[in-house]
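Participant: here is a sequence with its predicted model. Questions after.
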Amino acid sequence: MDEYKINPNELFAIKIILLAQDGEYEYLQKFAKIFPLRTILESLQSNGIILKSWKLPKEGSKLDVEDIPFNQNFLKKFYRSAFEMGEELFYTYPQSAIIQGTVYNLRSVSKRFDSLEQAFQRYAKNIKNNPELHQQIIDDIKWGIETQYNGFTTLDRFIIDRGYESLHAIRLGEGSNLNLEATQLI
C-alpha cells in the first residue's frame, strides 16, 4: 500500500477485481453498491496499478472486468506474498507419514499442480490472501503434528479440498471418532 500509495478500499478493490477475473463476480457487485468503483478504478490507474492505456467505460456502460489490465510488476509484488505464504505452508506441513508400515510423501503437489508456485497461488486464492487465516492454518498444522493428527493428506489435496477447514474444526473440538494413533508422522 505504501509503495503504490493506495488506501485499504483500493487494495480491497484490487482483490475483488482479481476474484472477478477468476469468475467470482458477486463480491464485485456487492462492492460496487457500497463504494464508488469508478473513482477507485481511476485512482488505481493514476497510481500505475491498472495500465494507463486502458479506457474506463463511459458512465452507465458495462464494465468488463476481464479487460482490466493490471501492471505486471504490481501483480508480481502482489503475488509475492502468496508465494511467501505458500512456502511457509510447504515447510510447516508434515513431510511424510507412515500408514500401515508404508511411507507416504505428504508434501506432494504434482498430481494436481504443475509447479509449487501454482500450488502456492491456489492456496493464496483459497484463503483470499488473508494473512490472519494463513497464520491460523499454520498454527493448526503445528497442533496437528504435535497431537499426531491422522487426517493429513498430500499437500495438493489439503489445498484443493480445503483440508485446513477440517483440521481447524477438529482442533476446536468439533471432530468426532478420531483415532490419532493410526498414522505416525515422521
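Facilitator: Happy to help now that I have it.
Participant: mind checking which helix or strand residue 103 is in?
Facilitator: Secondary structure from DSSP states H and E places residue 103 in strand 102-105.
Participant: so for the very next helix or strand once past that strand, mean pLDDT?
Facilitator: Counting by DSSP H and E, the next helix or strand C-terminal to strand 102-105 is helix 116-126. Averaging pLDDT along helix 116-126 yields 89.
Participant: next one: stretch 137-157
Facilitator: Stretch 137-157 comes out at a mean pLDDT of 94.
Participant: residue 3 in helix, strand or coil?
Facilitator: Here residue 3 is recorded as coil under DSSP: H, G, I helix; E, B strand; the rest coil.
Participant: quick one, what contacts the residue positioned nearest the centre of the chain?
Facilitator: Of all residues in the chain, the one closest to the mean position by C-alpha atoms, centre = their mean is residue 124, 1.7 Å from it. Residues near residue 124 by C-beta atoms under 8 Å, 6 or more residues apart in numbering: 79, 81, 82, 85, 86. Placement of C-beta: from N, CA and C, glycine included.
Participant: so for the helix or strand encompassing the second one, mean pLDDT?
Facilitator: In the assignment (DSSP H and E), residue 81 maps to helix 72-92. With pLDDT averaged residue by residue, helix 72-92 scores 86.
Participant: partner strands of the helix or strand following that helix, parallel or antiparallel?
Facilitator: Counting by DSSP H and E, the next helix or strand C-terminal to helix 72-92 is strand 96-99. Using DSSP bridges, strand 96-99 pairs in its sheet with strand 102-105 (antiparallel), strand 183-185 (antiparallel).
Participant: how does this structure divide into domains?
Facilitator: 8-70, 75-185 (automatic domain parsing).
Participant: just the CA trace of the one helix or strand residue 29 maps to, in PDB.
Facilitator: Residue 29 is part of helix 26-34, with elements assigned from DSSP H and E. C-alpha atoms of helix 26-34 as PDB (Å, rounded to 0.1, in the frame of the first residue of the first chain):
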ATOM      1  CA  GLU A  26     -20.700 -11.500  -6.700                       C
ATOM      2  CA  TYR A  27     -18.200  -9.700  -4.500                       C
ATOM      3  CA  LEU A  28     -17.600  -7.000  -7.100                       C
ATOM      4  CA  GLN A  29     -21.300  -6.500  -7.500                       C
ATOM      5  CA  LYS A  30     -21.700  -6.000  -3.700                       C
ATOM      6  CA  PHE A  31     -18.600  -3.800  -3.500                       C
ATOM      7  CA  ALA A  32     -19.800  -1.600  -6.300                       C
ATOM      8  CA  LYS A  33     -23.100  -0.900  -4.400                       C
ATOM      9  CA  ILE A  34     -21.100   0.400  -1.400                       C
END
